[in-house]
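Asker: Sequence plus predicted model, see below.
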Amino acid sequence: MKEDFRSIEFAPGRTLSVETGRIAKQADGSVVVRMGDTMVLCTAVSAKEPKPGQNFFPLTVDHKESFSAAGRFPGGFMKREGKSNEKEILSSRLIDRVLRPLFPKGYYNDTQVISSVISSDDENDGDVLGAVGASLALHLSDVPFDGPMGEVRVGRINGEYIINPTVTELKESDIDMVVGGTRDSVLMIEGEMDEISEIEMLEAIKVAHASIATLCDFQDELRKELGKEKREFIPAKADESVESEVKNLAEEKMKAVIGIGLGKEEYNAKIKEIKDAVIATLEEQEKDEAFISESKGLLSQIEKDELRNMILTQKRRIDGRSPVDIRDIWTQVGYIPRTHGSSIFTRGETQALVSVTLGTKRDEQNVDTLFDQEAKKFMLHYNFPPYSVGEAGFMRGPGRREIGHGHLAERALRKMMPSFDEFSYVVRVISDITESNGSSSMASVCGGSLALMDAGVPLRKPVAGIAMGMIVGEENTVVLSDIRGEEDFMGDMDFKTAGSVDGITACQMDMKVQGISFEIIEEALEQARVGRLHILERMTESISVARPELSQYAPQFLKMEIDGSDIGAVIGPGGKVIQTLQKETGTEIIIEENDKGKGVITISANDLAKAEEAKKRIKMIVGHLEEGATYKGIVKSIKDFGAFVEVAPGKDGLLHISEIDHKRVEKVSDYLALGDEIDVVLLKVEHGGKLRLSRKALMPRD
């Protein structure tokens, strides 16, 4: 590859620089892309031949962010990067989802794209730069690739759209959306937004696509000058005799089953019965292994063609619905008794069992990435066990799909969450998919919204989500609401939008074909809006606003403020005072200093009375003792004239012999012993801070 440096201003104030031919020259293609001081090395390698018998495209995309890029050490014990973190996985998916449809059909060679952030200026994120670099590395290489593609982030501040906004600018933006596509079409969308309208979202997509087209033109110019000659690739053609025979055996039977209008289990059983019968017939005819193998692929293609044809010509779907119909919905809240909130959301044959846990500040998740070190106080975890699709499988940690689906649902709900100042709980939502046949991520949004309200979390508005599909024919295109699994697998689009009654809060779109028009996107957005409002209406049948009270099992909070000079007294030498206080009252106490120099104390407990007791004792520690209040004290010393009782760490008061009992007390030790725990009333705080206590004030007069 020839050595060269180029740059382009692809959007107002945004310049992308490209360097080729200097680094990673043994890869099939490699480039370094730069914006500001953020640099990303992108490489592409593809095997010369496919593995024997391989019948799928094994593409791997890895986006890696080294802490050294920002001059930092990784957190944790190991002090080196390990497995991909969540941010890296999500960035890898953003690149993968645009590249994958651009490889020629039938190309089954092992292919790997690696995007490595080698320099970071803390303002320009390397994810979208890595996508452009990955496209260019493939485009300049000899690997078959129907690119180029471009990818940009779009934001909006005060009504003005910004391409590739910086990290600082994104804090002021009401849109954070990544758009990827070719010169002629949009292939991928993902992002979050502050309840924007469908019209505003479409406008943002158009603005982003204009910059994408510029980036694609730039890559084509570099290809003409610096690109390698592409490898010869001729996709294998199906044997016409095999195709003819399999069609005769299966086509009409498939068409009949697809047109009945069946549920998932019954539909799959009947389709399997047809496929098994065809293979058995071919085996009886002693067809060879290659014939049988090709026949299995053709059977799936026949099913796909018949399904698509029925939708395009009859506007009718597998289960008998029209393109705009949404499956039956039922919901329930408060299903799990000991969680702080729970729900079941069922739409057709997709079901999410969702729970909510409320925690203290100590439960927040520490985040350590190149661009984000702020602890997470709201998190949604999505689980997809194998039984949800009737299969047996290994229960390992979450894969890329689970992390991506959970992140989308988390974004949709996060926009409607109260701030931590408004609701001082760390919130964890768990969505366990118990049945799946179409968009379990959007079921997680709906179930999550219900469970949060059941937990008493004051959501600003309920949130729902819906998945849209599309079938593209030669003469027409049909947009589908609430797609099933078969329609997702055999269709041309998966477009998820989530939001409130007033606008969109998150979206995700993936295209399997090129050439979708903005008119079709607009139609899909409007159809999704109508569907989302329908789902929100059904959800209100279970709950529509947050419960006024939290679960009895949720931690109880109290907050108080003290002078900054008193923080040390509450903590004590080596933390002794606060540790003793937490142990004796059964509470959790967190002390932070605010920007005004005051100490903000958060006390949490499973019983409000315990938190009140801790608050009272903290007041005593810092000298905020209330005359007439009752305190639990410990006898520290006994004298002839009375006893000294510690009512708070470091705070002793005199319990005079005359205040021990209503009767005359001759000897203090007849009534009290060292270490006794007694209730006393603070009679008076005298000059110099001396405390006068009474025990008899709490005793009935005989």
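Answerer: Perfect, thanks for sending it.

Asker: if I look at the closest residue to residue 470 other than its chain neighbours, how far off is residue 350?
Answerer: Among residues not flanking residue 470 along the chain, residue 493 sits closest, at 3.7 Å (CB to CB, 6 or more residues apart in numbering). Every residue, glycine included, has its C-beta placed from N, CA and C. Using CB to CB, to the nearest Å, one gets 18 Å for the distance from residue 493 to residue 350.

Asker: what is the residue nearest to residue 470 paired to in the beta sheet?
Answerer: Note on residue 493: beta-bridge partners by DSSP bridges are residue 470, residue 511.

Asker: who touches it in this structure?
Answerer: 468-470, 509-513, 516, 524 (CB atoms under 8 Å, 6 or more residues apart in numbering).

Asker: Using CSV, lay out those together with pLDDT, neighbour count and distance to residue 312.
Answerer: Converted to CSV, the contacts of residue 493 look like this (pLDDT from 0 to 100; neighbours: other CB atoms under 10 Å; distance: CB to CB, whole Å):
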residue, pLDDT, neighbour count, distance to residue 312
468, 94, 25, 16
469, 92, 27, 13
470, 91, 25, 11
509, 93, 24, 21
510, 90, 20, 20
511, 88, 25, 17
512, 84, 16, 16
513, 80, 13, 14
516, 79, 22, 16
524, 93, 23, 16
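
Asker: just the residues you listed now: which is nearest residue 167?
Answerer: Among the contacts of residue 493, residue 509 lies closest to residue 167 (CB to CB), at 24.2 Å.

Asker: measure the closest one to residue 395 for me?
Answerer: 30 Å.

Asker: repeat for residue 200
Answerer: For residue 200, the distance to residue 395 equals 42 Å [CB to CB].

Asker: Neighbour count for the two, which is higher?
Answerer: Neighbours per residue, other CB atoms under 10 Å: of residue 200 and residue 395, the larger number sits with residue 200, 18 against 8.

Asker: helix or strand for that one, which one?
Answerer: helix 198-226 (DSSP states H and E).

Asker: average pLDDT across that helix?
Answerer: Here helix 198-226 scores 95 as its mean pLDDT.

Asker: so how far is it off the chain centroid?
Answerer: 27 Å (CA atoms, centre = their mean, to the nearest Å).

Asker: cool, and stretch 321-341?
Answerer: 20 Å.

Asker: Quick check: phi and psi on residue 621?
Answerer: phi -60, psi -40 (degrees, to the nearest 10).

Asker: Which SSE is immediately downstream of the helix holding residue 200?
Answerer: Downstream of helix 198-226, the next assigned helix or strand under DSSP H and E is helix 240-258.

Asker: which other helices and strands contact that following helix?
Answerer: helix 264-284, helix 289-314 (3 or more CB pairs under 8 Å, 6 or more residues apart in numbering; DSSP states H and E).

Asker: Identify each of the helices in this structure and give its residue range.
Answerer: Taking DSSP state H, the helices of the chain run over residues 86-99, 126-140, 167-170, 198-226, 240-258, 264-284, 289-314, 400-414, 440-454, 485-490, 518-539, 567-571, 576-585, 608-621.

Asker: Enumerate the positions of the longest one that are buried.
Answerer: What that stands for is helix 198-226. In terms of neighbour count (16 or more other CB atoms under 10 Å), helix 198-226 has its buried residues at 198, 200-205, 207-209, 211-212, 214-216, 218-219, 222-223, 226.

Asker: And the last one, by the same measure?
Answerer: Buried residues in helix 608-621, counting neighbours by 16+ other CB under 10 Å, are found at 610-621.

Asker: Give the residue spans of the stretch 401-550 of the chain that score low on pLDDT.
Answerer: Across the stretch 401-550 of the chain, residues meeting the criterion (pLDDT under 70) sit at 515.

Asker: Oops, could you answer that again for the stretch 101-250 of the chain instead?
Answerer: In the stretch 101-250 of the chain (pLDDT under 70), the answer is 238-239.

Asker: can you check the stretch 601-702 of the chain too?
Answerer: 649-650, 688, 702.

Asker: What segments of it are strands?
Answerer: Per DSSP state E, counting those that start in this stretch, the stretch 601-702 of the chain carries strands over the ranges 630-639, 642-648, 651-656, 677-685, 691-694.

Asker: contacting residues around the fourth one?
Answerer: In other words, strand 677-685. Under the contact criterion CB under 8 Å, 6+ apart, strand 677-685 has outside partners 625-635, 645, 647, 653, 655, 659, 672, 691-695, 697-698.

Asker: How about the shortest one?
Answerer: Residues outside strand 691-694 that contact it (CB under 8 Å, 6+ apart) are 625, 633, 645, 647, 651-656, 659, 680-686.

Asker: How about the first one?
Answerer: Contact partners of strand 630-639, identified using CB under 8 Å, 6+ apart, comprise 613, 616-617, 620, 643-648, 652-653, 668-669, 672-682, 693, 698.

Asker: so how many other residues sit close to the spatially closest residue to residue 242 that is not a sequence neighbour?
Answerer: Computed as CB to CB, 6+ apart, the closest residue to residue 242 that is not its neighbour in sequence is residue 294, at 5.1 Å. Residues within reach of residue 294, counting by other CB under 10 Å, total 18.

Asker: State the distance from the residue nearest the centre of the chain to residue 11.
Answerer: Closest residue to the average C-alpha location of the chain: residue 407 at 1.6 Å, with CA atoms, centre = their mean. Noted for residue 407: a distance of 26 Å to residue 11, by CB to CB.

Asker: correct me, but residue 188 touches residue 97?
Answerer: Yes - Residue 188 is within contact range of residue 97, at 4.7 Å (criterion: CB atoms under 8 Å).

Asker: okay, and the common contacts of the two?
Answerer: Shared contacts of residue 188 and residue 97 (CB under 8 Å, 6+ apart): 180, 510.

Asker: Drop anything exposed from the contacts of strand 677-685.
Answerer: Of these, these count as buried by 16+ other CB under 10 Å: 625, 631-633, 635, 645, 647, 653, 655, 659, 672, 691-695.

Asker: And the residues you listed, which is closest to residue 365?
Answerer: Using CB to CB, those come closest to residue 365 at residue 632, 36.7 Å.

Asker: Just grab the bridge partners of the closest one for me.
Answerer: Here residue 632, judged by DSSP bridges, has bridge partners residue 679.

Asker: what about it, distance to residue 668?
Answerer: 19 Å.

Asker: swap in residue 32?
Answerer: 83 Å.

Asker: more crowded one of those two?
Answerer: Using other CB under 10 Å as the criterion, residue 32 and residue 668 rank with residue 32 on top: 23 against 19.

Asker: Just the buried positions in stretch 248-265, please.
Answerer: Under 16+ other CB under 10 Å, the buried positions of stretch 248-265 are 249-251, 253-255, 257-258, 262, 264.

Asker: Let's have the residues you listed in a markdown table, adding distance to residue 484.
Answerer: A markdown table is the format used below for the buried residues of stretch 248-265 (distance: CB to CB, whole Å):
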| residue | distance to residue 484 |
| --- | --- |
| 249 | 26 |
| 250 | 21 |
| 251 | 22 |
| 253 | 21 |
| 254 | 17 |
| 255 | 18 |
| 257 | 15 |
| 258 | 12 |
| 262 | 11 |
| 264 | 7 |
